[in-house]
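J.: show me the folded form of this:
(one chain, ligands or ions: 1)
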Amino acid sequence: MPAMPAGQNKKSSASLTRTPAWRALAEHRRTWRDRHLRGLFAADPQRFSRFSAEACGLLLDYSKNLVTAETLELLLALARERGLEDRISDLLAGKRVNNTEKRAAWHSALRAGHAAPREVRGTLESMRSFTGALRAGAVKGAGGRPVTDVVSLGIGGSALGPALAAEACAAEGGPRVHFVTTPGEMLARTLAPLDAETTLFIVQSKSFSTQETLINARAARAWLENSRGGADPGAHFAAVTAQAEAALSFGVPQDRVFPMWDWVGGRYSLWSAVGLPAMIAMGGDRFDDMLAGAAAMDAHFAETPPERNLPVLMALGGLWHAHFFGMDSRAVIPYAPGLELLPAWLQQLEMESLGKSVSRNGKPLRHDSGAVLWGGAGTEGQHAYFQMLHQGTRPVPVDFIACRAPRAGTDGETHAVMLANCFAQSALLMQGVSATETEQDLLRQGIPAREAARLAPHQALPGNRPSNTLLLDALSPRSLGALLALYEHRTFVQSAIWDINAFDQWGVEHGKRLANSLLPEFSSAAPATAHDTSTNGLVNYVKKMKTEKP
Ligand code: F6P
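T.: Below you'll find the model as predicted:
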């Protein structure tokens, strides 16, 4: 591991909103008062080719962003002024960019192929061989029967990435792979149809101390012990962790403990051994393809000039809409079967990374940082929350994601329906429908003039609502790897412009600590008094009502 000093960049130390580039953007924003995307498209037949870029099997159409060539120039000037290039080099070189935890965030090294550190290559090799044996039916439970079901026990970054990749890229054959995050019912429901003799659990926890995961791991061990395969529960466990000792004491056999390292952040860990359940679902070769796709995006990020650099363009467009148009949330909407879990993965990636209030040197920010990210499958969303996207008073920039070619098992017609809906939504958000157009349309339908005039304002759509469309070649492991790495780097670029640390999560850590200290209160005979009156009151209410059935 490299142990170079933190790459603190002198250029980024000035308050963002006082920089010349920021001021120039604020000035430029005034020119947008009377602009509408519809007009920009009408005036420039080349707008799509001018504002789209392609890399690693992905096409980014950002022509429906609220940008002109001048906007883009000013945003690129901001990136230069914030020393973005140096920050990217520091990240990819494995410098200690996580300056509060004094470590690197070197997820790019996990997918660097032959150039990856030796321990990374060694771990990937063991993962491949374990996966190969599992998929060939050669890994047996204590009773000698081959494993048919793998249950991943992990949460947050130790679940979201592998669950997404397994869903998107699973291949025929091999054991079924299940993901359990929440203790209690979710585990019970997953285990109900399974046979303990042929079930293997993978405890996925970098810290091996996450409450939910450990509760599930203990419950799984008890389930094995109470079942027929209970003779040797260890034979039914593997673990992925940076705390090997803890996994061994839990009873995981040594050769089934897959390491990860402190320089791999939870939300960036799919590419490490945390990806094991995904590798089991898709097979070693496809997992390698996913790594290769991500590595291709790393190379693109490192080498491509900012004006054609996909993560940079997406990050800058996002900043522009958020800061200068007050768009305070963002939706990510896949129209691609298999990518339904993408918004949840992204939510952790962005909101844990960018939800910060101080700069890297601990000074309060004078500007907003990460926005709320939300979303879900487009086919469902357009029958639910899209109403607000089209006509609500709070415009929300959207990333639409679709695939050029259909997924195996989806016929061409179904795929065309998917694309038509996806493109229609972004077109409508961009162009809107004016009250006059609506009124004329109603009149054409034979609606009386007074009624048409009454209905027109209700049916009109403002338009001018920005979106990106990301078009993948197909939903392959390679394009998935590129897509996820693209979002990782987009997140990093924003953190660099804001001068925040994208790689710690102290808010989450405080929450975990407080939950641990609250837990004993529920079994204590004495009333809770150590906390604020609301928290004490809630704990004491639960204790008082314990005997009463709801
Ligand atoms: O609760 C948030 C978090 O700390 C994430 O950053 C991490 O991905 C998750 O918990 C799980 O942590 P672990 O892998 O240590 O169990």
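
J.: what strand or helix carries the residue of the stretch 351-500 of the chain found nearest the ligand?
T.: When scored by C-beta to the nearest ligand atom, the stretch 351-500 of the chain has Glu352 as its residue closest to the ligand, at 5.8 Å. Every residue, glycine included, has its C-beta placed from N, CA and C. Secondary structure assignment for Glu352, by DSSP states H and E: helix 342-354.

J.: so what's Ala474 up against?
T.: Cys403, Arg404, Ala405, Pro406, Arg407 (C-beta atoms under 8 Å, 6 or more residues apart in numbering).

J.: list the ones among the residues you listed that fall in strands.
T.: Cys403 (DSSP state E).

J.: so how far does stretch 201-208 reach from one end to the other?
T.: This stretch, stretch 201-208, spans 14 Å end to end (C-alpha to C-alpha, to the nearest Å).

J.: what does that stretch contact?
T.: So stretch 201-208 is contacted by 150-154, 157-159, 162, 213-214, 217, 220, 236-243, 246-247, 250, 252, 260, 264, 266, 269, 274, 276-277 (C-beta under 8 Å, 6+ apart).

J.: repeat for stretch 457-467
T.: Residues outside stretch 457-467 that contact it (C-beta under 8 Å, 6+ apart) are 35-38, 64-66, 317, 321, 327, 389-391, 395-400, 426, 428-435, 437-438, 442.

J.: now restrict these to buried residues only.
T.: 36-37, 64-66, 317, 321, 327, 389-390, 395-400, 426, 428-434, 438, 442 (16 or more other C-beta atoms under 10 Å).

J.: before we move on, back to that, any of the contacts of Ala474 buried? List them.
T.: Members of the contacts of Ala474 classed as buried by 16+ other C-beta under 10 Å are Cys403, Pro406, Arg407.

J.: mind listing what's buried in the helix or strand containing Leu455?
T.: Here Leu455, judged by DSSP H and E, is contained in helix 449-459. Buried residues in helix 449-459, counted by 16+ other C-beta under 10 Å: Ala452, Leu455, Ala456.

J.: give the next helix or strand downstream of it.
T.: Next helix or strand after helix 449-459 toward the C-terminus (DSSP H and E): strand 467-472.

J.: give the pairing partners of that next one; include direction for each.
T.: Sheet pairing for strand 467-472, assigned by DSSP bridges, gives strand 58-61 (antiparallel), strand 398-403 (parallel).

J.: among those strands, which is nearest Gly174?
T.: strand 398-403 (23.8 Å; C-beta to C-beta).

J.: what's the local residue count around the closest residue to Gly251 other than its chain neighbours?
T.: Leaving aside its sequence neighbours, Gly251 sits nearest to Gly234 (C-beta to C-beta, 6 or more residues apart in numbering; 4.8 Å). Neighbour count of Gly234, defined by other C-beta atoms under 10 Å: 16.

J.: related to what we said a few turns ago, out of the contacts of stretch 201-208, who's near the ligand?
T.: Contacts with the ligand within these, counted by C-beta under 6 Å from any ligand atom: Gly157, Ser158, Thr213, Gly266.

J.: how about whichever helix or strand Thr414 is part of: buried residues?
T.: Thr414 belongs to helix 412-431 when assigned by DSSP H and E. Of all the residues in helix 412-431, those buried under the rule 16+ other C-beta under 10 Å are His415, Met418, Leu419, Cys422, Phe423, Gln425, Ser426, Leu428, Leu429, Met430, Gln431.

J.: pretty sure the third one is touching Ile401, no?
T.: No. Taking C-beta atoms under 8 Å as the definition, Leu419 is not a contact partner of Ile401, at 11.6 Å.

J.: mutual contacts of the two, please.
T.: Common neighbours of Leu419 and Ile401 (C-beta under 8 Å, 6+ apart) are Tyr335.

J.: which is the next helix or strand following the longest helix along the chain?
T.: When the chain is parsed with DSSP state H, its longest helix is helix 477-498. Once the chain leaves helix 477-498, the next helix or strand it forms, by DSSP H and E, is helix 506-518.

J.: list the contacts of the nearest residue to Met186 once chain neighbours are set aside.
T.: Residue nearest to Met186 in three dimensions, not counting chain neighbours: Val180, with 5.3 Å by C-beta to C-beta, 6+ apart. Val180 is in contact with Val151, Ser152, Leu153, Met186, Leu187, Thr190, Asn216, counting by C-beta under 8 Å, 6+ apart.

J.: neighbouring contacts of whichever strand or helix holds Glu380?
T.: Per DSSP H and E: Glu380 is located in helix 378-381. Helix 378-381 has contacts (C-beta under 8 Å, 6+ apart) with Ala331, Ile333, Pro334, Tyr335, Gly375, Phe400, Met418, Asn421, Cys422, Gln425.

J.: before we move on, the earlier item: ChimeraX command for the buried members of the contacts of Val180?
T.: Here is the ChimeraX command that selects only those of the contacts of Val180 that count as buried (16+ other C-beta under 10 Å):
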select :151,152,153,187,190,216
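
J.: give me the number of residues near whatever residue of the stretch 451-550 of the chain ends up closest to the ligand?
T.: Closest to the ligand within the stretch 451-550 of the chain is Val508: 4.3 Å, counting by C-beta to the nearest ligand atom. The tally of other residues near Val508 (other C-beta under 10 Å) stands at 14.

J.: what pLDDT does it get?
T.: With respect to pLDDT, Val508 has a value of 95.
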